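Student: Here is a sequence with its predicted model. Questions after.
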Amino acid sequence: MTEPTDAAARRAVTPVICYPNDSLPAPDMALYDAARATLTKVDEVVVAPRDAGVFSVPEGHFFRITSVEGSQVGDLNLWHADDLNERFYSGKTRALHGTHITRGDRMWSSFPHLRPLATITHDSLAWYGIDAFGGAVHDVIGTRCDPYTHRLLAGDMYHHCCHSNLTRALAEHLNVSTDEAEPFVHDVLNVFMCTGFTRDTGQYFMKASPVRPGDYIEFFAETNLLGALSACPGGDCSTVHSSDKAACHPLLVEVFAPKAAALEGWSPSKRNSYDRSHGA
Ligand SMILES: [Zn+2]
């Protein structure tokens with residue numbers, strides 16, 4: 001195909017940020033840091049490899065996902081515990097914070113709520129930054145490994161993709177069928193996963209996660225939360241996923257309560273104040 005004569009000039013146009021986020025209400029990290037110093041552990045869930053676990057976090061509590069035993073990626077779903085129709089909105093979180101999220105970034109909820117479900121308060125992999133391939137950690141670009149895409153690409157049935165693990169775990173927690181639970185499963189935060197897009201073809205890539213046992217990412221619950229975490233069948237996602245080939249390890253989820261006095265001045269996040277008239 002021939003290019004227009006001004007092709008170089010068109011390509012040379014400087015990009016602008018779609019959603020400048022300097023007007024986003026900033027989380028009070030000093031308050032969270034002070035609260036972190038008062039934590040008492042109140043619950044824990046060990047997520048088995050190629051499986052998922054469900055956990056609850058009351059508003060104003062913290063939860064931490066820790067790598068144990070070996071390098072392992074996790075797929076995280078979050079819901080407002082009082083209404084599972086309000087769930088983590090990966091796409092809008094990406095638009096607001098970028099392709100990968102870290103301390104100070106928030107996990108936003110679906111319309112019409114669009115409020116912070118959780119704020120990241122610690123990330124032991126924050127040092128990683130963006131590598132020479134354009135890769136970074138904790139992505140909101142991947143969706144979740146799932147048996148439908150696998151069926152399309154590989155042809156066989158595989159039942160321990162993150163989508164299925166999350167579906168089974170949620171069904172068991174809610175005491176409903178997997179058919180009923182499946183529509184609540186949504187695009188994830190890929191915890192510890194190192195990903196990016198190739199410069200030449202724009203394709204989604206993964207590479208071995210830099211996470212090591214002891215590394216953790218920690219969140220502050222801005223509302224009452226229900227969470228589900230899958231220990232991805234891809235393990236550290238260095239080679240393959242959606243199969244039993246990769247070495248897989250458990251993940252630890254811990255829930256912590258701060259001293260109540262440490263949260264003075266904080267209140268749960270409020271639903272978005274758009275009037276929902278849509279100009280009608
Ligand atoms: Zn997965």
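Tutor: That came through, no problem.
Student: mind checking pLDDT for S238?
Tutor: Listed pLDDT for S238 reads 86.
Student: wait, I meant P213
Tutor: On the pLDDT scale, P213 is placed at 97.
Student: Tell me if I am right that it is in a helix.
Tutor: No - P213 is assigned coil when assessed by DSSP: H, G, I helix; E, B strand; the rest coil, not a helix.
Student: show me what contacts R106?
Tutor: By Cβ atoms under 8 Å, 6 or more residues apart in numbering, R106 lies in contact with P27, T93, L96, H97, P116, L117, A118, T119, I120, E222. C-beta: built from backbone N, CA, C; applies to glycine.
Student: cool, and R36?
Tutor: Residues counted as contacts of R36 (Cβ under 8 Å, 6+ apart) are F62, T121, H122, E218, P258.
Student: Looking at neighbours, which among those is most surrounded?
Tutor: Scoring the contacts of R36 on neighbours with other Cβ atoms under 10 Å, the highest-scoring entry is F62 at 24 neighbours.
Student: can you pull up the bridge partners for that one?
Tutor: Per DSSP bridges, the residues bridged to F62 are F220, F256.
Student: wouldn't it be in contact with F220 here?
Tutor: Yes - F62 lies in contact with F220 (Cβ atoms under 8 Å); the separation is 5.4 Å.
Student: Are there residues contacting both of those two? Which ones?
Tutor: Joint contacts of F62 and F220 (Cβ under 8 Å, 6+ apart) are A35, T121.
Student: For this protein, which segments count as helices?
Tutor: Ranges of helices in the chain, per DSSP state H, are 7-11, 29-36, 90-97, 147-154, 162-174, 178-181.
Student: Only the buried residues of the fourth one, if you could.
Tutor: What that stands for is helix 147-154. P147, H150 (16 or more other Cβ atoms under 10 Å).
Student: cool, and the fifth one?
Tutor: Judged by neighbour count (16+ other Cβ under 10 Å), helix 162-174 contains these buried residues: C162, H163, S164, N165, L166, T167, R168, A169, L170, A171, H173.
Student: Next, the contact list for the last one, please.
Tutor: Taking Cβ under 8 Å, 6+ apart, we find H173 in contact with V54, L226, A228.
Student: Which of these sits closest to the ion?
Tutor: Distances from the ion to those, taken as Cβ to the ion, are shortest for A228 (12.5 Å).
Student: From T14, how far out is the closest one?
Tutor: Per Cβ to Cβ, to the nearest Å, A228 is found 41 Å from T14.
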